[in-house]
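Chemist: the following block contains a protein sequence and its predicted model.
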Amino acid sequence: MELGEVDGAQLVLLPGPFQLERCVPMHHYGSGSALMTMGVERVSFPQGAFLLIQHSLDPTSLDDEQVQASIRNSEVVALLDLEFGGLVVEKLFEGAVNRPGHVVFAPEGPVLLTARPSVTTEHLKSALSTGVAALGSLSTQDRQRLRLMSRWYRRARETLNQVDQFLFLYVAIEVFPASGTSDVPRAVRDFLAQHVFRDVDPSNVKERLMLGRITGLRANIVHDGTSSIAANEQKEFSEKLERLEAVTRECMGLLAGRSYSGSLDKWVRP
């Protein structure tokens, strides 16, 4: 049953069960090699009533149009929830789907393939055992912070949407080491200066890791409604995102009792 149209999006009430098809990346890893092909995945919807919001996207600008479509979806669902609280209770799927006779591969963000040496089962077991043992020595407060921090870090790793990655990683460093303060750049700077870069001026740590500019970008995203990264801003955004992810990993590793891995040296000790 058609419910109408909102900003070019068709709203349909559809009974289940039914299926949709989408294209997904298929990763093939060997020792020191990585390859990606495209596969087709069927998304199954069980019995029930579903709100289907359909957007026709321009294939020449899929990245930005997918972001805008997702925002319009949220707007529609919010309007329904304001009128009928709890009517739309769960999002089962959101993304580009194939149409009869057509296929489309449109990930939410860049897909990065990294070739790396194979890891043996014995190495995995040993690393896991060592890591779990280290967790047992943490205080209750530190263990709780690590759990919450790792939750947001995993969310960042599980999405290809770069804006979402950035926000999730920022929340992670707000949990630690910036817990209890609104001055996130200072808290991160002081933590790294104390535990890693004792020989570097703290102001240089902050500047070279772009901690202040990262916080400024976070404010732009949250308060100014930044929803996507323009092509001419991609390079600068990627530089901040790369640093933020490395900072988050190192802070989380130090909290978990691991030694500093050296990943920040290329910026702080160029």
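Modeler: Looks like it came in fine. Residues are numbered from 1 along each chain as shown.
Chemist: per-domain residue ranges of the protein.
Modeler: 2-83, 136-268 (automatic domain parsing).
Chemist: averaging pLDDT over each of the ones you listed, which comes out lowest?
Modeler: With a mean of 86, domain 2-83 has the lowest mean pLDDT of those.
Chemist: most tightly surrounded among the domains of the chain?
Modeler: domain 136-268 (a mean of 16; mean count of other C-beta atoms under 10 Å). All C-beta spots, glycine's among them, are computed from the backbone N, C-alpha and C.
Chemist: state the distance from residue 186 to residue 153.
Modeler: 21 Å (C-beta to C-beta, to the nearest Å).
Chemist: residue 205 now?
Modeler: Taken as C-beta to C-beta, the span from residue 205 to residue 153 is 21 Å.
Chemist: repeat that for residue 138.
Modeler: 16 Å.
Chemist: helices of the chain, start to end?
Modeler: 62-83, 121-135, 140-158, 162-175, 184-195, 202-208, 211-223, 234-255, 265-268 (DSSP state H).
Chemist: contacting residues for the residue lying closest to residue 153 once chain neighbours are set aside?
Modeler: Excluding the flanking residues, the one nearest residue 153 by C-beta to C-beta, 6 or more residues apart in numbering is residue 172, at 4.9 Å. If you count contacts by C-beta atoms under 8 Å, 6 or more residues apart in numbering, residue 172 has them with 149, 150, 152, 153, 156, 248, 252.
Chemist: distance to residue 231 added to those residues, as CSV?
Modeler: Output for those, formatted as CSV (distance: C-beta to C-beta, whole Å):
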residue, distance to residue 231
149, 32
150, 33
152, 28
153, 28
156, 22
248, 26
252, 32
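Chemist: which one of these sits closest to residue 7?
Modeler: residue 156 (29.3 Å; C-beta to C-beta).
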